[in-house]
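Student: what's the 3D shape of this:
(2 chains)
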Amino acid sequence: MAASALLGASGFGNWARLAAQQALTQDQLLEFETFGNISLIHVTDIHAQLKPIYFREPSVNLGVGANRGQVPHITGADFRKAYGIADGSPSAYALTYDDFASLAQGYGRVGGLDRVATVINAIRADRPDALLLDGGDTWHGSYTCYQTEGQDMVNVMNALKPDAMTFHWEFTLGSDRVNELVQGLPFAALGQNIFDAEWDEPAELFKPYKFFERGGAKVAVIGQAFPYMPIANPRWMFPEYSFGIRDEHMQEMVDEVREAGADVVVVLSHNGFDVDKKMASVVTGIDVILSGHTHDALPEPVLVEQTHIIASGSNGKFVSRVDLDVRDGQLMGLKHKLIPIFSDVIMPDPAMTRLIDEQRAPFKAQLEEVIGQTDSLLYRRGNFNGTWDDLICDALLSEREADIAMSPGVRWGPSLVPGDNITREDIWNVTSMSYGEAYRSEMTGEFIKVILEDVADNIFNPDPYYQQGGDMVRIGGMGYRIDITKPQGERISEMTLLKTGERIDPAKSYVVAGWASVNEGTEGPQIWDVVESHIRKLGTVTVTPNTSVTVEGA
Amino acid sequence: MEFTRRDTLAMGLGAAVLTMVPLRASAAADAAIEAFTGGAAMVDSGIELTAPEIAENGNTVPIEVSAPGAEAIMVLATGNPTPGVATFTFGPLAASQAASTRIRLAGTQDVVAIAKLADGSFARAASTVKVTIGGCGG
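Tutor: Next comes the predicted model:
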């Protein structure tokens, strides 16, 4: 297991960035003995993060049913133990949450597509025909991506020359814009589960798979878009399209490519990790699933039956390299490395830095404006409240004069460390979307419970095919108890209005402010404006620990 | 349970009614099965029912049934106030014994398909389709 640690050397201490640079080298991070005859490069869930960021991995990531306690549902010390990672080591900083703020001082930011470019170029120097596969959630998640409707990301990604891509948040640009961008892509846009909603037939614009000749073998790459787009995101923005897991159709596609001579079958997936695990157990003949959506980063593949599942993290923080030995029509061996993009260690590719800066130049002043400072670590990822969402909920309660606030349990959004300025770009990084209106409405206590029960079942249903892959809706102004092992309708109890300490009355109406409604015609100010106004008034943000959610059955 | 239009603005469902727990097969569904099979035992092979795990729109859920050699296939939405959806009958010259349609589901429930096979026996398939508020994934 020790081999799975990114590096052997480690140690606690007050790392200076220089020390990190001395402890880590680009060569070490990229070290990889080329194997077999085919290389895959997997990036996914970049969420439009062109520049280096901080990204804290979750402290709470609960698995249910058969996945309880299984990777990726282990965190912190348990995760480090499972993979033989030393406390305080670069791997600990990259893959676990503990001591995040102090390790961040030493190891610095992660990601940046100019650093990712350097890694991709290095892999291509070893293996010039390596396949670069993008798992989607690429054209969403930043100020510039919003303002250019994804054009900044398309420009930068095209320069990386991917071979194929699949999709999720891209569709929230609206189907007209998605169609326009996809038609212009110089690489394959794949999704065997992207269907025409009216005819329930495969959509013409998105092909189910593509063949690549590599290393004397035929590689079939099948796309699997996010199955629950019209449920988790606003259906009215892309009414022509239907999705779903469609594992029967996946099996048909696998059989079809095998019959057409595929030596190895790779699925580029945006299912989420547990859904991919189940799909690998249901569909036969898939060699590798490059898994996205749930933002898990795993230093080793997970093997389900004959299928290797690779999880490559999010926000540009990691690149996975997967070398395959394919001979005589079958996969004989696989070698994998999850490469963390330590942005102070990996040299940026200068041409890519220029291209990124060109995309940002028209918006430079808006991006860089400092709105406030933070004394606290601001992060989002985790099944329940993160500090970014506590701050967003506070903004909703105060700016919108509400009893209760709701913030969606999305998994994107970089972190800030104590002492950081909060710029407009930082606020947009955790709020940007095409349906960011902050609604204010009245809901009965009973309906609030229905919402919590519904969302909880989308995370904690023991059957992964009924999970949508987000985290629990974040609640401000109200506490509750949740037993994740119970069925829908019985998980949530002890809902309490925090400002009075009284139990929520099912019959009483409460003023609820939230954002990211999937309903057409939602009205209100944009959430980033609400948050900006709140932070301006605070000046310096201090988020106190939130103990309002009690979790049972973990 | 009733929700006002304003309530549903929150996160989602639009027009369809939301139920909090999967519904049990109703007495009406049991009666329809009894009438179709005459109370005969049902096996769980020989029929395939394809339905989404989570409905994109509870008002129009695409389903497919297929039972090679069947004389008839009955489809029930067991949690709907009126569970009967359709019974497809296949003549001897039918090229395949399969059908697809769209159904409306009042909430999370089991969709059941029962085929009457040529030898007079019955086969059953069921699939849970979830109808959800959604809106928080990602």
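Student: Output the lowest mean pLDDT helix or strand found in chain B.
Tutor: helix B:5-8 (a mean of 38; mean pLDDT, DSSP states H and E).
Student: Pull out the buried positions in stretch A:114-124.
Tutor: Of the residues in stretch A:114-124, A:114-120, A:122-123 count as buried by neighbour count, 16 or more other Cβ atoms under 10 Å in any protein chain shown. (Glycine included, C-beta is placed from N, CA and C.)
Student: got the contact list for residue A:310?
Tutor: A:42, A:288-291, A:298, A:301, A:320, A:322, A:336 (Cβ atoms under 8 Å, 6 or more residues apart in numbering or on different chains).
Student: partners of it in the sheet?
Tutor: Per DSSP bridges, the residues bridged to residue A:310 are residue A:290.
Student: Could you check how far it is from chain B?
Tutor: Applying Cβ to the nearest Cβ, to the nearest Å, the value for residue A:310 to chain B is 21 Å.
Student: by contact count, what packs against the top helix by length along chain B?
Tutor: Identified as the longest helix of chain B according to DSSP state H is helix B:27-37. With contacts taken as 3 or more Cβ pairs under 8 Å, 6 or more residues apart in numbering or on different chains; DSSP states H and E, helix B:27-37 sits against strand B:70-77, strand B:109-117.
Student: residues in contact with the residue most central in space within chain B?
Tutor: In chain B, the centroid-proximal residue (Cα atoms, centre = their mean) is residue B:111; its distance is 2.6 Å. Residues near residue B:111 by Cβ under 8 Å, 6+ apart: B:49, B:51, B:61, B:63, B:75-78, B:85, B:103, B:105, B:126-129.
Student: So among these, which ones count as buried?
Tutor: Taking 16+ other Cβ under 10 Å as the criterion, what is buried in the contacts of residue B:111 is B:49, B:51, B:61, B:63, B:75-78, B:85, B:103, B:105, B:127-129.
Student: Which parts of chain A belong to which domain?
Tutor: A:2-358, A:369-552 (automatic domain parsing).
Student: Reformat those as JSON lines; add mean pLDDT.
Tutor: Putting those into JSON lines (pLDDT from 0 to 100) gives the following:
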{"stretch": "domain A:2-358", "mean pLDDT": "94"}
{"stretch": "domain A:369-552", "mean pLDDT": "96"}
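Student: Of those domains, which is nearest residue B:116?
Tutor: domain A:2-358 (23.5 Å; Cβ to Cβ).
Student: what does stretch A:64-78 rub up against?
Tutor: A:57-63, A:79, A:82, A:87, A:96-98, A:273-274, A:277, A:294, A:296-298, A:302, A:311, A:460-464, A:484-485.
Student: cool, and stretch A:243-261?
Tutor: Taking Cβ under 8 Å, 6+ apart as the rule, stretch A:243-261 contacts A:191-195, A:208-209, A:211, A:218, A:220, A:222, A:224-230, A:265, A:267, A:271, A:275, A:279, A:282-286, A:465, B:50, B:52-54, B:56.
Student: go again using 6 Å as the cut-off
Tutor: Here stretch A:243-261 makes contact (Cβ atoms under 6 Å, 6 or more residues apart in numbering or on different chains) with A:192-193, A:208-209, A:218, A:220, A:222, A:225, A:227, A:229, A:265, A:279, A:282-283, A:285, A:465, B:52.
Student: Stretch A:30-42 now?
Tutor: A:120, A:122-123, A:126-127, A:130-133, A:214-215, A:290, A:312, A:320-326, A:335, A:337.
Student: which of the residues in it are buried?
Tutor: A:30, A:32, A:35-42.
Student: Out of those, which two sit at the greatest distance?
Tutor: Checking the buried residues of stretch A:30-42 with Cβ to Cβ, the most distant pair is A:30 and A:37, at 20.0 Å.
Student: what about residue A:99, neighbour count?
Tutor: 15 (other Cβ atoms under 10 Å in any protein chain shown).
Student: Which residues are in contact with it?
Tutor: The contact partners of residue A:99, by Cβ under 6 Å, 6+ apart, come to none.
Student: I'd like the distance between it and residue A:411.
Tutor: Counting by Cβ to Cβ, to the nearest Å, the separation of residue A:99 from residue A:411 is 22 Å.
Student: Can you lay out the domains of chain A as a markdown table showing distance to residue B:26?
Tutor: Below are the domains of chain A laid out as a markdown table (distance: least, Cβ to Cβ, whole Å):
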| stretch | distance to residue B:26 |
| --- | --- |
| domain A:2-358 | 25 |
| domain A:369-552 | 18 |
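Student: and residue B:94, which of those is closest to it?
Tutor: domain A:2-358 (21.2 Å).
Student: Poorly predicted segments of chain B, please.
Tutor: B:1-25, B:135-138 (pLDDT under 70).
Student: Which residues of the stretch 301-450 of chain A lie near chain B?
Tutor: A:408-410, A:441, A:443, A:447 (Cβ under 6 Å from any Cβ of the partner chain).
Student: how about JSON lines for those, with secondary structure added?
Tutor: Output for those, formatted as JSON lines (DSSP: H, G, I helix; E, B strand; the rest coil):
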{"residue": "A:408", "secondary structure": "coil"}
{"residue": "A:409", "secondary structure": "coil"}
{"residue": "A:410", "secondary structure": "coil"}
{"residue": "A:441", "secondary structure": "strand"}
{"residue": "A:443", "secondary structure": "strand"}
{"residue": "A:447", "secondary structure": "helix"}
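Student: picking up where we left off before, and the buried ones among the contacts of residue B:111, which is closest to residue B:32?
Tutor: residue B:76 (6.0 Å).
Student: so that closest one sits right up against residue B:114, yeah?
Tutor: No. Judged on Cβ atoms under 6 Å, residue B:76 makes no contact with residue B:114 at a distance of 7.7 Å.
Student: can you put the buried residues of stretch A:30-42 in JSON lines and add distance to residue A:153 and secondary structure?
Tutor: Shown next, in JSON lines, are the buried residues of stretch A:30-42 (distance: Cβ to Cβ, whole Å; DSSP: H, G, I helix; E, B strand; the rest coil):
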{"residue": "A:30", "distance to residue A:153": "24", "secondary structure": "helix"}
{"residue": "A:32", "distance to residue A:153": "27", "secondary structure": "coil"}
{"residue": "A:35", "distance to residue A:153": "31", "secondary structure": "coil"}
{"residue": "A:36", "distance to residue A:153": "31", "secondary structure": "coil"}
{"residue": "A:37", "distance to residue A:153": "32", "secondary structure": "coil"}
{"residue": "A:38", "distance to residue A:153": "27", "secondary structure": "strand"}
{"residue": "A:39", "distance to residue A:153": "24", "secondary structure": "strand"}
{"residue": "A:40", "distance to residue A:153": "21", "secondary structure": "strand"}
{"residue": "A:41", "distance to residue A:153": "17", "secondary structure": "strand"}
{"residue": "A:42", "distance to residue A:153": "17", "secondary structure": "strand"}
